[in-house]
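Peer 1: Here is the input, now give the coordinates:
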Amino acid sequence: FLDHLKRDGDLAVVETPVDADQEVAATHRRVIAAGGPAFLFTNVRGAAFPLVTNLFGTSRRTELAFGRRPLRLIRRLVQLAETLLPPTPAKLWAARDVAGEALRIGMRRARRGPVTETLTGELGLDRLPVLTLWPEDGGPFVTLPLVYTEHPDAPGRSNLGMYRLQVHDARTTGMHWQIGKGGGFHHARAAARGEDLPVTVFLGGPPALILAAVAPLPENVPELLLASLLAGGRIRRTRGPGAHPLLADAELALIGRVPAGLVRPEGPFGDHYGYYSLRHDFPVFEVEHLAHRRDAIVPATVVGKPRQEDFYIGDLLQELLSPLFPLVMPAVEALWSYGETGYHALAAAVVRQRYRREAMAAAFRILGEGQLGLTKFLLVTDRAVDLRDFVRTLEHVLA
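Peer 2: Down below sits the predicted model:
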């Protein structure tokens, strides 16, 4: 992906020494506001690895990273779900294109992979180019971690999520997960049994992994399957020194565990709304091994008021999942959350009102669906409106 951006003239390589404490973030914010390129910082003071930011800071780069094929495939799957039953030989034959795509989705075992080129137990998390974003932040934190866990009662039932990791020292970080998130469910179950939870954190790798980790999938749908669908091929996994297989094409892997009952203060941190989140206790991730490519590059982003990279990823993710909404929630014809508000603050929906109060029932159905339950305000109408055009949507609701 970086090679492609370099060929397009959309990657700036910065060899000047830069500081991970606020200087990189300040540079990033100015560049993303101007619609500028991705940045590869090759000389971050005190760091053993180069750093790349602003990978997804424009609609063009985001579409380049993930492509249009997944959207076409999801629309095709929804079409089949609506038309394939009852199955007939003619319908099954017409669906053979999807069968071919499905055969390329999943995991495959690899004897080795780039992530295992270097393996060490002599850690130094303080040698990673981890950013401090704002003046009053409680410390540096890993901004794009791919946190892999498995259910303690069902090994192999996995979750890949993105949770803030404040670096406490050379061997430990915070683990900012709540009970309502997949990793939080796994940790709560392990803690109830008095057990530590094995955790592997990946950095970098195919961009599809990042999109899958932030996707609001149902609890028991593996994010790695979505990553495979986005990547257009099976995700390679290889053996590592910990409890989990390693994603063979990741840049780095932090391998360790989250102990039961151990918490430590984390924060405050500048957030999406222009304020600082408060300081709270969160579990602790103890890192035991570090695996990485010999030429590993650490990806990072900046958390702040929109528009940041999460805006472009969020809009693409909504577009990708939008064909599924009417399938999962039959009375919902369209749904959109507004990235300018950080997504969770404001959403709008077009719903059916075939009988009295059906729109209200549809609204509660939306607010009961995963991360949509965090929505603060939901605008609902039963008329055809382009929800992405907020001004016209608001004018319609007010009228």
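
Peer 1: Please export the C-alpha coordinates of the top strand by length along the chain as PDB.
Peer 2: Secondary structure of the chain per DSSP state E: the longest strand is strand 280-292. Extracted as PDB, the C-alpha positions of strand 280-292 are listed here (Å, rounded to 0.1, in the frame of the first residue of the first chain):
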ATOM      1  CA  HIS A 280     -10.100   6.100  35.000                       C
ATOM      2  CA  ASP A 281      -8.800   2.600  36.000                       C
ATOM      3  CA  PHE A 282      -8.500   0.100  33.200                       C
ATOM      4  CA  PRO A 283      -7.000  -3.400  32.900                       C
ATOM      5  CA  VAL A 284      -3.300  -3.800  32.200                       C
ATOM      6  CA  PHE A 285      -1.700  -5.600  29.200                       C
ATOM      7  CA  GLU A 286       1.600  -7.300  30.200                       C
ATOM      8  CA  VAL A 287       3.800  -7.900  27.100                       C
ATOM      9  CA  GLU A 288       6.000 -11.000  27.100                       C
ATOM     10  CA  HIS A 289       7.200 -11.300  23.500                       C
ATOM     11  CA  LEU A 290       7.700  -9.000  20.500                       C
ATOM     12  CA  ALA A 291       7.600 -10.300  17.000                       C
ATOM     13  CA  HIS A 292       8.200  -8.100  13.900                       C
END
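
Peer 1: Give me the pLDDT value at the nearest residue to G194 once chain neighbours are set aside.
Peer 2: Residue nearest to G194 in three dimensions, not counting chain neighbours: A260, with 5.7 Å by C-beta to C-beta, 6 or more residues apart in numbering. C-beta here means a position set from N, CA and C on the backbone, and glycine is covered the same way. As predicted, A260 sits at a pLDDT of 93.

Peer 1: ok, A260 touching A188?
Peer 2: No. Assessed by C-beta atoms under 8 Å, A260 is found out of contact with A188, at 9.8 Å.

Peer 1: Can you pull out the low-pLDDT segments for the stretch 101-250 of the chain?
Peer 2: 101-103, 218-220 (pLDDT under 70).

Peer 1: quick one, helices of it?
Peer 2: Here the stretch 101-250 of the chain has its helices, by DSSP state H, counting those that start in this stretch, at 182-192, 207-214, 223-231.

Peer 1: any idea of the angle the longest one forms with strand 280-292?
Peer 2: Here helix 182-192 runs at 100 degrees with respect to strand 280-292, directions being taken by axes from the mean of the first three to the mean of the last three C-alpha atoms, to 10 degrees.

Peer 1: packing partners for helix 182-192?
Peer 2: Packing partners of helix 182-192 (3 or more C-beta pairs under 8 Å, 6 or more residues apart in numbering; DSSP states H and E): strand 146-151, strand 154-161, strand 197-203.

Peer 1: Residues in contact with the second one: which ones?
Peer 2: By C-beta atoms under 8 Å, 6 or more residues apart in numbering, the surrounding residues in contact with strand 154-161 are 146-151, 177, 181-183, 185-186, 209, 212-213, 220, 222-224, 227.

Peer 1: buried ones in it?
Peer 2: Within strand 154-161, the residues scored as buried using 16 or more other C-beta atoms under 10 Å are S158, N159, L160, G161.

Peer 1: ditto for stretch 313-332
Peer 2: The neighbour-count check on stretch 313-332 (16+ other C-beta under 10 Å) flags 313-318, 320-323, 325-326, 329, 331-332 as buried.

Peer 1: likewise stretch 137-152?
Peer 2: 137-138, 140-152.

Peer 1: And for stretch 66-75?
Peer 2: F66, P70, L71, L73, I74.

Peer 1: Out of those, which is nearest to G368?
Peer 2: The closest of the buried residues of stretch 66-75 to G368 turns out to be I74 (C-beta to C-beta; 22.4 Å).
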